[in-house]
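# When you get a sec, could you give me coordinates for this:
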Amino acid sequence: MVKKQKKIKKIKLKSISLLKKQAQSIFNNWIRNRDILLGHTFICISCEKELPIEKMNCGHYFPVKRFQHLRYNEDNAHGECMACNGFNPAHLIYYTKHLIEKIGIYKYNNLYQSSLIKPEKDFTREELEEIKLKYKLK
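Got it, this is the predicted structure:
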């Protein structure tokens with residue numbers, strides 16, 4: 001007599017790339033919500049203009065492409081207008097000044113020191129799921 005094998009449901013794991021994108025989207029939304037003023041405007045970290053939230057990006061001081069390990073760092077990400085974040089080559093001059101005013105010199109120095117460390121390790125599935133959960137709940 002042949003026993004029927006129970007079908008084992010395979011769990012398809014999300015790729016690291018997809019998990020990063022999901023975590024980045026959740027984190028960026030959290031940053032935008034953190035930096036909203038009175039529910040409908042924000043002040044750009046670079047140009048200091050008060051603008052409607054529709055014009056807000058999550059601007060990373062140390063860019064995500066070169067500083068993967070800082071992509072989910074709250075001190076590295078702030079509400080920035082689309083113009084400064086995407087097209088203004090001088091935005092970091094003002095971003096630096098206003099970032100120090102916002103987070104203080106101690107946190108700025110820690111962030112800068114963290115930028116000098118280039119870990120070879122990438123985020124694990126577990127770390128990315130934790131980031132997603134952390135910033136969904138905050």
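# Skip ahead from the lengthiest helix in the chain and say which helix or strand is next.
If you go by DSSP state H, the chain has its longest helix at helix 16-34. Remark: after helix 16-34, the chain's next helix or strand is strand 36-37, criterion DSSP states H and E.
# Run me through the strand neighbours of that following strand, direction for each.
strand 41-43 (antiparallel) (DSSP bridges).
# what's the next helix-or-strand element following the partner strand packed up against?
Using DSSP H and E, the next helix or strand after strand 41-43 towards the C-terminus is strand 50-52. Applying 3 or more Cβ pairs under 8 Å, 6 or more residues apart in numbering; DSSP states H and E, one finds that strand 50-52 contacts strand 41-43. In short, each C-beta sits where N, CA and C put it, glycine included.
# in the strand it packs on, what's buried?
42, 43 (16 or more other Cβ atoms under 10 Å).
# Just name the shakiest helix or strand of this protein by mean pLDDT.
Every helix and strand of the chain was ranked by mean pLDDT, DSSP states H and E. The lowest is helix 82-87, at a mean of 88.
# what helices or strands is the longest helix of the chain leaning on?
Here helix 16-34 touches strand 56-60, strand 77-81, helix 125-137, going by 3+ Cβ pairs under 8 Å, 6+ apart.
# Take these and lay them out in a markdown table including mean pLDDT, distance to residue 100 and mean neighbour count.
What follows is the helices and strands packed on helix 16-34, written out as a markdown table (pLDDT from 0 to 100; distance: least, Cβ to Cβ, whole Å; neighbours: other Cβ atoms under 10 Å):
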| stretch | mean pLDDT | distance to residue 100 | mean neighbour count |
| --- | --- | --- | --- |
| strand 56-60 | 95 | 15 | 22 |
| strand 77-81 | 96 | 12 | 26 |
| helix 125-137 | 93 | 24 | 15 |
